[in-house]
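[1] please work out how this folds:
(2 chains)
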Amino acid sequence: MDEVTRAASGAETPEAPATSEDPVAEPPPVVVRRIRRRRQGSVIAGVTGGVADHLGVDILRVRLVFVLLVAAAGAGFAVYAGLWLFCPIEPRGVERRVPPRERRQGLGLATLGVLLAVVLSGLGGQLSGWVVGPLGVVLVGVALVWREADTGSARPAGDTGWRSRWLAGRRLGLLRLLAGAILVALGIAAFLLGNVDLSQVQFGLLAALATLAGVAVLTVPWWMHLVRELGAERRERIREQERADIAAHLHDSVLQTLALIQKQAGEDGAGRDVRRLARSQERELRAWLYGPPGGDAGHPAGPGDATLAAALASTAGEVEDDYGVRVAPVVVGDAALDPDTTALVAAAREAMVNAAKHAGVDEIDVYAEVESDVVEIYVRDRGCGFDPDAVPDDRRGLAGSVRDRMTRHGGRVRLRSTSGEGTEVGLVLPRRRGATGVASPVASEEEAR
Amino acid sequence: MSEPMSAGTPPEPVTVVVVDDHALFRRGVRAELESLARRTVSVVGEAGSVDEAVAVIGHRRPDVVLLDVHMPDGGGAAVLARTRPDHPDVVFLALSVSDAAEDVISVIRAGARGYVTKTISGRDLADAVVRVRAGDAVFSPRLAGFVLDAFADRPGAAGVVDPELDQLTRRERDVLRLLARGWSYKEIAAELVISVKTVETHVSSVLRKTQSSNRHELSRWASDRRLV
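    Next up, the predicted model:
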């Protein structure tokens, strides 16, 4: 909450002075406060506009500073190019109305900057005219190509920058790209022709071309790989998004309906059957939506790995299906399955079955807690209860499978049952040292009986 | 914390507004509450969207709002955010088909005083409504499990910043454990040899910590919700 409000006000502040000059401008939905180049009303790449937005100053001043920086040994060019490379363009849909005066000023200042660079370098005498001229041509060509690569790739139909009126459409984009490339090539050629004698140039040119071709051929597999990977990643992302949408939809419609069916089903035999079916469908759907069972309580179980929580959840599901009761396991912490914990789950299953068969209830609470030194599972029903001492010897369910199983693995059973109020079977299994726990709460008090 | 419902039925039934985008479900809850708990609970309004909920709650001023977690336009958390500032005395009880920790925790942290799943029986639901109205927190076993898990001191867990808020006392942990095992307040009180009122105090204090602690687990659950 705090984060959001802070971000929102952060987006507001740099925008405030800008709104005074273009009243329709809305604060862009930025989350992190960083420079974003303006999409509209830019002369070259919207860098100065972005800086002006970011600092909350007038764009004219920013442009002036850049022009002055150009005088400082061309630093303005470097800074501009750096910002262009590293600052993202602002998201679509930010409407600005840029006054024509501002545009004219921007265009004029950009020209002034270039002229200033040419004149100053000419005056300085370090670089003579035949270097500066071609260099200027190369710079213009680079700017053209960069600009096209920047915005041309996905230009929306409604984008009406001031140039778009006379340079609109994809073909013109291609033309601009071509023009830029030709300018760069011309600049380099002019530079080379003026500088070195022709035979050397021929050799150098050939060598460079050969190297380029060699590198291109050698790296073909990587390029292909890159392209394929990009495609795969994109497909994966789309699939993920689709799955999330389906999940949201299923969650809201189908799970709701299943819950409703469970509530409304009658108490007779048919009603119990319907409820059991709805329950089992709900469980399957949940497993599909949220991954394998046991993924609750903040420990999403990975596919195929056997943990106590996952085993307990599937066991509970089996008991639900077989006996038409509702078993809702709550698991705190988790542990890997080993022979001991497997036996524990089997004992818990026995206790659940016992409750489902004899207690006469349709809901059983199961709670498991994994601590660093002990694992406990409680199976509780609110059924008829019984007197443990009065159980005839032939009913070996609890005594046999549960108690024997637990003692064999070094654990114990705590049984409490009150006639008419229900039964709770507590299974306590001390953990061996070195047993791997997925998560082990330190709470070591062994008091909750 | 007012008295637990021991002194017979209160003179005025608890007024309830049901907020859920599924009309069928609203009707079901209403029918169930009206047939089972006519004297203690009375449904005074229904709403099927966030905007409707805000309007109905403002107009009817119910004691308790039964709130669906998943709705278009932001769900239960949005309703809580928009109505709680104006109506601090309205109590919210979340009702959801979801079992996901981030759903449960996020709606609790948005201000709901309890969480029950939609498969709860009508009688239990009426009981839960009366209890939240009386100032109790309603912790289903699952919610208790989530909270225990969130407050567990794992070796890798981030350090405790505010011990008052970021840790449960041993007694609170005991109470939560028994809640997670499906015990009632009365049974917990008898087991721990404390009064029912003390159990309620512990549960309320756990609720307060769950709502305002900045523990990593809690804020993570509350922030990265899978579904809207």
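[2] all contacts plus neighbour counts: C-alpha atoms, from now on.
    Fine.
[3] and the closest residue to A:Glu320 other than its chain neighbours, what is it in contact with?
    In space, and not counting its chain neighbours, A:Glu320 is closest to A:Arg326: 5.7 Å by C-alpha to C-alpha, 6 or more residues apart in numbering or on different chains. Residues in contact with A:Arg326 (C-alpha atoms under 8 Å, 6 or more residues apart in numbering or on different chains) are A:Arg279, A:Glu320, A:Asp362, A:Glu363, A:Ile364.
[4] who does A:Arg326 form a beta bridge with?
    Note on A:Arg326: beta-bridge partners by DSSP bridges are A:Glu363.
[5] any idea how far it is from A:Ala72?
    79 Å (C-alpha to C-alpha, to the nearest Å).
[6] now swap in A:Leu186 and tell me
    Separation of A:Leu186 from A:Ala72 (C-alpha to C-alpha): 27 Å.
[7] neighbour count winner among the two?
    A:Leu186 (17 against 13; other C-alpha atoms under 10 Å in any protein chain shown).
[8] A helix includes that one, no?
    Yes: secondary structure of A:Leu186 (DSSP: H, G, I helix; E, B strand; the rest coil): part of a helix.
[9] contacting residues for it?
    By C-alpha under 8 Å, 6+ apart, the neighbours of A:Leu186 are A:Pro134, A:Val137, A:Val138.
[10] ok, A:Pro339 - how many residues close by?
    Other residues within reach of A:Pro339, judged by other C-alpha under 10 Å, total 10.
[11] before we move on, what about A:Asp381?
    28.
[12] for it, name its beta-bridge partners.
    Going by DSSP bridges, A:Asp381 forms beta bridges with A:Ile364, A:Thr423.
[13] pLDDT value on it, please?
    Note on A:Asp381: pLDDT of 88.
[14] just checking, it touches A:Val353?
    No: between A:Asp381 and A:Val353 no contact is recorded; they are 11.1 Å apart, counting by C-alpha atoms under 8 Å.
[15] per-residue pLDDT, the residue in the stretch 101-250 of chain A that chain B sits nearest to?
    Nearest to chain B, among the residues of the stretch 101-250 of chain A, is A:Ala248, at 5.7 Å (C-alpha to the nearest C-alpha). Listed pLDDT for A:Ala248 reads 73.
[16] ditto for A:Leu193
    On the pLDDT scale, A:Leu193 is placed at 71.
[17] which helix or which strand is home to it?
    In this structure, A:Leu193 sits in helix A:170-195 according to DSSP states H and E.
[18] likewise for A:Val375?
    Applying DSSP H and E, one finds A:Val375 within strand A:374-381.
[19] ditto for B:Glu46
    strand B:41-47.
[20] the following helix or strand past that strand: which residues count as buried?
    For strand B:41-47, the following helix or strand on the C-terminal side (DSSP H and E) is helix B:50-60. The neighbour-count check on helix B:50-60 (16 or more other C-alpha atoms under 10 Å in any protein chain shown) flags B:Val50, B:Ala53, B:Val54, B:Val56, B:Ile57 as buried.
[21] how close does the spatially closest residue to the first one that is not a sequence neighbour get to B:Ala112?
    I take that to be B:Val50. Spatially, and ignoring its direct neighbours in sequence, B:Val50 is nearest to B:Val79 (5.7 Å; C-alpha to C-alpha, 6+ apart). With distances taken as C-alpha to C-alpha, B:Val79 is found 11 Å from B:Ala112.
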